[in-house]
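A.B. asks: Turn this into a structure:
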Amino acid sequence: MNGDVSAVFALYRSCLRQIRRLPTGYLRQFFRLRVGDDVRTILDPRRNHLVPTKIARVQKDLRKLEGANAGYAKCFDYVLNTAYGRRGRLRWEILDPLLSEPGVPLPPRIIPAVESSRPPFISREMRALFTSDASRMTKALSGRALAHPPNLPPRADPKSPEAQALGPFSKRREVNLRRRFFQAELQKTMFPLQVVVEEAPAGTTTSSGGATATERRTDADALAGARIRAVGLQHSGVFEEIEALASAPRKQRRSPQGTFVDGSTQERPGPYFQSHLPTRFLRRRYQQLLARTPMLLYKPPRTTSQGIQSGKYQVTLSPMAAKRSAPTNRIASEIDVAWIKCSQKVGSGESKKSPK
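C.D. replies: I've put the predicted structure just below:
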């Protein structure tokens, strides 16, 4: 037993040595707590059934931390994804509140006598995330796909010819297919770290083009005024720190009297890297992290020339985010269409010629 405890403490010390080399205080604090919780679970005699799993996880974290500190991009992305809720337990803690919405009734049961047969509930935030390309790893879903998942056969519609010819579709199968589709789409969706209220400041007027000056706020007063709830790591300043680390450092301009433009006599401290790795490499990692972290915007109800617009959620990416390398569908130009038609005519002409 003493040998096992010594091996666990040796593993823990190795993790701490790698954690001290991480570039930001948030990363160091996160992995210090994560590894410490796992080691306490390993040493707890009441949780012996979790020991193999926890030891394997600590060993994996150690390998990823060593790779990240050695400058391997994939290992560093793993560290960032774990610390900022792109994977693992924190991801599901961010997601869990979004699976319900206070004051909104649940959808009706598919099987009247079974309470668990209700379709998955889709809140307003989740609907915006499902239907936006900025928060999806694959193609965004349509409103029709959310109401009637594409994995359901036509027979699931009682008014369809298939249902009238073959009889009604199994309700239990419909429940399972809807739940399976919802869980699969959750895996393809990226979740925000906070919600941003986009509101028009007091005293602004609408310009000639119809656009109104807006400001973005994330504080508790803005959320209370818009009557929406906080999301993820709201009020922690984590997302603002990511944006600051992903952007190029800016030096404040000095006045001839030696003070800064804002009137202060010393430069305001900002987040910075404390690492042996190149700053350009670290900044690029955080820019790619922003591409995996969508911004959830909320536009409160407002009065326009067309009438009163209701509040709605929108999804976008930070301007400091790296460009997504997802495959795109290229639209053929007129010249491309002409060449395609020409090749089809040539191909059809050769196929009609029969060999002598």
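
A.B. asks: C-alpha only now, for contacts and for neighbours.
C.D. replies: OK.

A.B. asks: Now do the same for residue 313: helix, strand or coil?
C.D. replies: Secondary structure for residue 313, judged by DSSP: H, G, I helix; E, B strand; the rest coil, is strand.

A.B. asks: neighbours of it, just the number please.
C.D. replies: 19 (other Cα atoms under 10 Å).

A.B. asks: ok, it - contacts?
C.D. replies: Taking Cα atoms under 8 Å, 6 or more residues apart in numbering, we find residue 313 in contact with 124, 125, 128, 296, 297, 298, 299.

A.B. asks: distance of the last one from residue 106?
C.D. replies: What it means is residue 299. For residue 299, the distance to residue 106 equals 25 Å [Cα to Cα, to the nearest Å].

A.B. asks: go on, residue 187?
C.D. replies: Taken as Cα to Cα, the span from residue 187 to residue 106 is 22 Å.

A.B. asks: just residue 7 next, same as before
C.D. replies: Taking Cα to Cα, one finds residue 7 at 51 Å from residue 106.

A.B. asks: what does residue 270 give?
C.D. replies: 45 Å.

A.B. asks: who's more crowded, these two?
C.D. replies: Between residue 270 and residue 106, residue 106 has the larger neighbour count (other Cα under 10 Å), namely 13 against 9.

A.B. asks: circling back: check the contacts of residue 313 for burial and list the buried ones.
C.D. replies: Buried members of the contacts of residue 313, counted by 16 or more other Cα atoms under 10 Å: 125, 128, 296, 297, 298, 299.

A.B. asks: Can I get the residues you listed in TSV including secondary structure and pLDDT?
C.D. replies: Shown next, in TSV, are the buried ones among the contacts of residue 313 (DSSP: H, G, I helix; E, B strand; the rest coil; pLDDT from 0 to 100):
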residue	secondary structure	pLDDT
125	helix	95
128	helix	95
296	strand	94
297	strand	94
298	strand	93
299	strand	90
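
A.B. asks: Adding distance to residue 281, write those out as JSON lines.
C.D. replies: As requested, those are arranged in JSON lines below (distance: Cα to Cα, whole Å):
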{"residue": "125", "distance to residue 281": "33"}
{"residue": "128", "distance to residue 281": "33"}
{"residue": "296", "distance to residue 281": "27"}
{"residue": "297", "distance to residue 281": "29"}
{"residue": "298", "distance to residue 281": "33"}
{"residue": "299", "distance to residue 281": "35"}
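
A.B. asks: From the residues you listed, pick the one nearest residue 311.
C.D. replies: Nearest to residue 311 out of the buried ones among the contacts of residue 313 is residue 299 (Cα to Cα; 5.4 Å).

A.B. asks: could you measure the closest one against residue 46, distance?
C.D. replies: Look at residue 299 and residue 46: by Cα to Cα, they are 50 Å apart.

A.B. asks: Same question for residue 9.
C.D. replies: According to Cα to Cα, residue 9 and residue 46 sit 19 Å apart.

A.B. asks: Those two: who's more crowded?
C.D. replies: Neighbour count, other Cα under 10 Å: between residue 9 and residue 46, residue 9 has more, with 14 against 9.

A.B. asks: That one - that's part of a helix, no?
C.D. replies: Yes - assessed with three-state DSSP, residue 9 lies in a helix.

A.B. asks: what's the pLDDT at it?
C.D. replies: The model reports residue 9 with a pLDDT of 94.

A.B. asks: Tell me where the stretch 201-350 of the chain is predicted with low confidence.
C.D. replies: Applying pLDDT under 70 to the stretch 201-350 of the chain flags residues 201-213, 250-269, 305, 307, 325-333, 347-350.

A.B. asks: can you give me the strands in it?
C.D. replies: Using DSSP state E, counting those that start in this stretch, the strands of the stretch 201-350 of the chain run over residues 215-217, 295-299, 302-304, 307-309, 312-316.

A.B. asks: what's the closest of the ones you listed to residue 34?
C.D. replies: strand 295-299 (26.0 Å).

A.B. asks: Sheet partners, orientation included, of that closest one?
C.D. replies: Next to strand 295-299 in the sheet, as set by DSSP bridges, lie strand 195-199 (parallel), strand 312-316 (antiparallel).

A.B. asks: any idea how far residue 40 is from residue 46?
C.D. replies: Residue 46 sits 11 Å away from residue 40, going by Cα to Cα.

A.B. asks: Residue 121 in helix, strand or coil?
C.D. replies: Secondary structure assignment for residue 121 (three-state DSSP): coil.

A.B. asks: Let me see the backbone angles for it.
C.D. replies: Dihedral pair for residue 121: phi -80, psi 130, per degrees, to the nearest 10.

A.B. asks: From here on, call the first residue 17.
C.D. replies: Sure thing, new numbering starts at 17, so read that last one as residue 137.

A.B. asks: these two touch, right, it and residue 125?
C.D. replies: No - counting by Cα atoms under 8 Å, residue 125 is not a contact partner of residue 137; they are 11.5 Å apart.

A.B. asks: Comparing those two, which residue is more hemmed in?
C.D. replies: Taking other Cα under 10 Å, residue 137 and residue 125 do not tie; residue 137 has more neighbours (17 against 14).

A.B. asks: any idea of the pLDDT on the more buried one?
C.D. replies: Looking at residue 137, the pLDDT reads 94.

A.B. asks: List the contacts of it.
C.D. replies: 115, 116, 122, 123.

A.B. asks: show me the contacts for the first one.
C.D. replies: What that stands for is residue 115. Residue 115 makes contacts with 137, 138, 139, 142, as judged by Cα under 8 Å, 6+ apart.

A.B. asks: List just the nearest of the contacts of residue 329 to residue 101.
C.D. replies: Nearest to residue 101 among those is residue 312, at 15.2 Å by Cα to Cα.
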